[in-house]
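A.B. asks: predicted model and sequence below, questions to follow.
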Amino acid sequence: MYTNSYRKEQYKEAIRQKDIEELEKIRDKAVEKKREKDRLENIDTSDWVLEDYLEEQYNVIMDTKWLKDVSQLENYFNDYINDDFECGQGYCEGEKDYIVLINNKYYSVHVAAEIGSAKQDRGDRLYWVEGLESITYEEIPKPIKKQKEVYTYKFSVEILPEEKEKLDKFLSNYIKGE
């Protein structure tokens, strides 16, 4: 058994001042935290499947390492989502919605950011995310696959090869959503 004598000495006086009931409460909390940690670590995620269309069409989040239970949603978003908000000089994004898959159930998650800003010497204000203000979620039915339709357009105008190239590039980017 490993013993950290420095830590032991550091807290020895504080422990001596507590009575048995307080120490039992501390022990019970520690045991409960350990049980919850073990429960989360033992959740089997091998049968969780994220279909391609859910990721492509809805950007569904499935993180089998850090999101095994609904109780982890708040910590997950507090730890990992701050960088998702678009902020900069003259603009900021204060709210975002996500769809999350946990244990073959889907959750709609709404995240509101706390935005900080500063006046600049020149130009617009500079905005950034200070932290997350609120995280709310609710269980939703599985999103259905969006139907894609095929359209064919014919142009009856004369264009130069470089104009056709620009048009093809524009349409390709538009279809990709860029």
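C.D. replies: Nice, thanks for sending it over. Numbers count the residues shown, from 1 in each chain.

A.B. asks: residue 150: how many residues sit nearby?
C.D. replies: Residues lying near residue 150 (other CB atoms under 10 Å) number 4. Backbone N, C-alpha and C define where each C-beta goes, glycine included.

A.B. asks: how much space separates it from residue 156?
C.D. replies: Note on residue 150: its distance to residue 156, by CB to CB, to the nearest Å, is 20 Å.

A.B. asks: any idea which helix or strand carries residue 53?
C.D. replies: Per DSSP states H and E, residue 53 falls inside helix 52-58.

A.B. asks: what sits up against that helix?
C.D. replies: With contact meaning CB atoms under 8 Å, 6 or more residues apart in numbering, helix 52-58 is reached by 60, 99, 101, 143, 145, 146.

A.B. asks: for stretch 64-72, same thing?
C.D. replies: Identification of contacts with stretch 64-72 by CB under 8 Å, 6+ apart yields 40, 43, 45, 48, 61, 73, 76, 79-80, 100, 102-103, 107, 137.

A.B. asks: and it, average pLDDT?
C.D. replies: Averaging pLDDT along stretch 64-72 gives 90.

A.B. asks: that stretch: end-to-end distance?
C.D. replies: Distance between the two ends of stretch 64-72: 11 Å, counting by CA to CA, to the nearest Å.

A.B. asks: from the chain's centroid, how far away is that stretch?
C.D. replies: Here stretch 64-72 is found 11 Å from its chain centre; the criterion is CA atoms, centre = their mean, to the nearest Å.
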